[in-house]
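**Student:** here are the coordinates; sequence isn't available:
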């Protein structure tokens with residue numbers, strides 16, 4: 001349950017993949033869809049503030065996922081099958097130069113915006129110019145160079161190779177120049193009347209429910225779904241109840257006892273599918289805050305976290321699998337990338353070892369209380385949205401674990417909007433969070449350690465490095481990986497990143513990610529599943545539109 005962050009990845013010869021996604025806490029309900037042409041989507045993300053900006057992860061459009069059916073990407077990708085080639089969408093063709101410094105896009109003809117104006121190569125070029133000139137919207141920090149268009153082609157150049165950013169670039173949302181060029185500040189304007197090339201337009205907005213309706217014409221065959229109602233429920237429990245009684249038909253939410261409270265309510269129609277991906281969840285520490293800027297303290301904390309308890313209790317034994325390799329790389333998915341020195345090295349709870357680590361770094365114990373080198377007792381606030389029940393349980397476990405080494409921890413069950421804002425601006429102490437996904441661990445480490453994504457505390461607009469970690473060696477290794485000319489150079493950079501991760505411990509990794517979802521086949525069929533893995537089953541990912549286009553009345 002997380003807010004969708006970003007598509008990220010590239011495979012050497014094939015286009016691939018997207019980012020992780022999510023949920024939080026919400027409220028409201030909507031009628032059943034049977035016979036009405038309506039699809040009811042739910043997310044547990046709490047009351048929403050009206051903002052339809054597709055580039056901002058904090059907008060309602062991102063939180064609930066409806067940006068995916070209003071705005072469209074150049075290329076459609078699939079995180080479940082990362083080696084599959086991308087599907088042409090607003091771009092019919094794309095070609096990278098051998099050094100990944102130039103991209104030539106062929107823009108699809110006969111596509112119109114929802115206000116009737118034609119979508120052209122000029123709009124695509126404008127979109128990339130917008131990202132280039134507006135750092136707050138360029139959340140992946142793509143270094144755009146020259147941007148040109150002629151006829152139906154757009155050519156992008158970059159100052160350095162974009163091997164690792166292929167998918168981030170190719171899955172960019174395209175926005176209309178005739179609307180966005182008139183905005184005072186595209187990074188802060190609320191975009192209350194979204195104009196996109198997708199098959200749906202905004203019909204109504206309330207803090208609880210957003211409704212989009214089908215356009216009269218669209219460049220593909222019109223979907224059978226005439227209207228989609230996105231309801232934001234108060235929390236995971238409210239969302240689960242809505243799924244169980246059929247009020248919601250599609251969601252991505254953590255259900256602790258999923259078989260009894262969801263599947264068994266309608267075994268014929270209630271389905272879920274949670275395919276794994278190469279990404280992680282863990283405790284992100286604000287590394288700008290003393291004493292948590294001290295890697296010895298972070299290493300000691302990692303040594304006392306009980307990952308088995310987090311998996312079995314917090315994640316109900318199925319949702320996010322345990323990650324226990326010291327590099328933070330999920331296995332078996334990432335086994336081939338783990339350096340020989342770290343193969344087989346796993347975390348085991350070691351309180352005495354953690355205490356030795358601390359006293360060797362200038363910390364001391366005053367009775368049962370840990371005191372930092374300046375003489376202050378060590379305390380920390382662990383924060384996540386109140387409705388994210390698995391994360392909250394994870395934090396309660398971590399709180400108890402940290403008490404074993406004298407750290408006083410408090411669990412803050414935060415408001416969803418406030419939490420999102422604070423994470424984005426780096427105004428937090430510690431929080432469970434996720435990383436982007438990819439076909440290699442590069443995207444994991446970039447989300448954790450990339451100095452190119454660093455912004456000072458108080459500055460919003462990040463998409464990675466939420467813990468504000470600064471390490472020149474890590475940034476250089478990521479740069480080396482991204483610019484490597486062969487696999488040997490990439491392997492050397494990957495092994496270097498693993499050593500930095502183990503030594504510096506900027507994030508305490510606990511779990512691997514999934515890209516799953518719950519859905520009902522009572523009114524609609526055509527969903528992805530284990531036998532037909534054409535998309536992840538999550539309503540906030542890029543593939544949501546691809547799924548909706550395939551749905552047919554039951």
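**Tutor:** Yep, that arrived. Keep in mind it's a predicted model, so treat the numbers as computed, not measured.
**Student:** can you map out the strands along the stretch 401-550 of the chain?
**Tutor:** Assignment of strands within the stretch 401-550 of the chain using DSSP state E, counting those that start in this stretch yields the ranges 408-414, 430-434, 507-514, 517-520, 524-525.
**Student:** Mind checking those strands for the one nearest to residue 310?
**Tutor:** Each of the strands of the stretch 401-550 of the chain has some distance to residue 310 by Cβ to Cβ; the shortest is strand 507-514, at 5.0 Å. (C-beta placed from N, C-alpha, C; glycine too.)
**Student:** Next, count neighbours for the residue nearest to residue 218 when sequence neighbours are not counted.
**Tutor:** Distances taken as Cβ to Cβ, 6 or more residues apart in numbering place residue 199 nearest to residue 218, at 4.3 Å, with adjacent residues excluded. Per other Cβ atoms under 10 Å, the neighbour tally for residue 199 reads 25.
**Student:** cool, residue 266 as well?
**Tutor:** Neighbours around residue 266, by other Cβ under 10 Å: 16.
**Student:** what sits against it?
**Tutor:** Residues near residue 266 by Cβ atoms under 8 Å, 6 or more residues apart in numbering: 246, 520, 522.
**Student:** so which of the residues you listed comes closest to residue 41?
**Tutor:** residue 520 (11.1 Å).
**Student:** dump the residue contacts of the residue nearest to residue 218.
**Tutor:** For residue 199, the contact set (Cβ under 8 Å, 6+ apart) comprises 69, 214-215, 218, 220, 222-223, 545, 549.
**Student:** Please report how far the closest residue to residue 84 other than its chain neighbours lies from residue 57.
**Tutor:** Nearest residue to residue 84, sequence neighbours excluded (Cβ to Cβ, 6+ apart): residue 78, at 5.7 Å. According to Cβ to Cβ, to the nearest Å, residue 78 stands 21 Å off from residue 57.
**Student:** higher neighbour count, those two?
**Tutor:** Neighbour totals were compared for residue 78 and residue 57, and residue 78 leads with 25 against 21 (other Cβ under 10 Å).
**Student:** A strand includes that one, no?
**Tutor:** No: assigned with DSSP: H, G, I helix; E, B strand; the rest coil, residue 78 falls outside any strand and is coil.
**Student:** what's the distance between it and residue 538?
**Tutor:** Relative to residue 538, and taking Cβ to Cβ, residue 78 is found at 12 Å.
**Student:** swap in residue 345?
**Tutor:** As judged by Cβ to Cβ, residue 345 and residue 538 stand 32 Å apart.
**Student:** These two: which is more packed in?
**Tutor:** A count of neighbours by other Cβ under 10 Å puts residue 538 above the other of residue 345 and residue 538, at 33 against 13.
**Student:** Tell me the spacing between that one and residue 137.
**Tutor:** Separation of residue 538 from residue 137 (Cβ to Cβ): 23 Å.
**Student:** Residue 279 too?
**Tutor:** Applying Cβ to Cβ to residue 279 and residue 137 gives a distance of 23 Å.
**Student:** again with residue 488
**Tutor:** 36 Å.
**Student:** Mind checking which of those two has more residues around it?
**Tutor:** Neighbours per residue, other Cβ under 10 Å: of residue 488 and residue 137, the larger number sits with residue 137, 20 against 9.
**Student:** Is the closest residue to the more buried one other than its chain neighbours in a helix, a strand, or coil?
**Tutor:** Of all residues not flanking residue 137 in the chain, residue 55 sits nearest, at 4.4 Å (Cβ to Cβ, 6+ apart). Judged by three-state DSSP, the three-state class of residue 55 is coil.
**Student:** hang on, isn't residue 55 packed against residue 173?
**Tutor:** Yes: contact status for residue 55 versus residue 173: in contact at 6.7 Å, counting by Cβ atoms under 8 Å.
**Student:** The two: which has the busier surroundings?
**Tutor:** Set residue 55 next to residue 173 and count neighbours by other Cβ under 10 Å: residue 55 wins out with 26 against 22.
**Student:** what does the model give the more buried one for pLDDT?
**Tutor:** Residue 55 is assigned a predicted lDDT (pLDDT) of 93.
**Student:** which residues does it contact?
**Tutor:** Neighbours of residue 55 in contact, by Cβ under 8 Å, 6+ apart: 131, 137, 139, 173.
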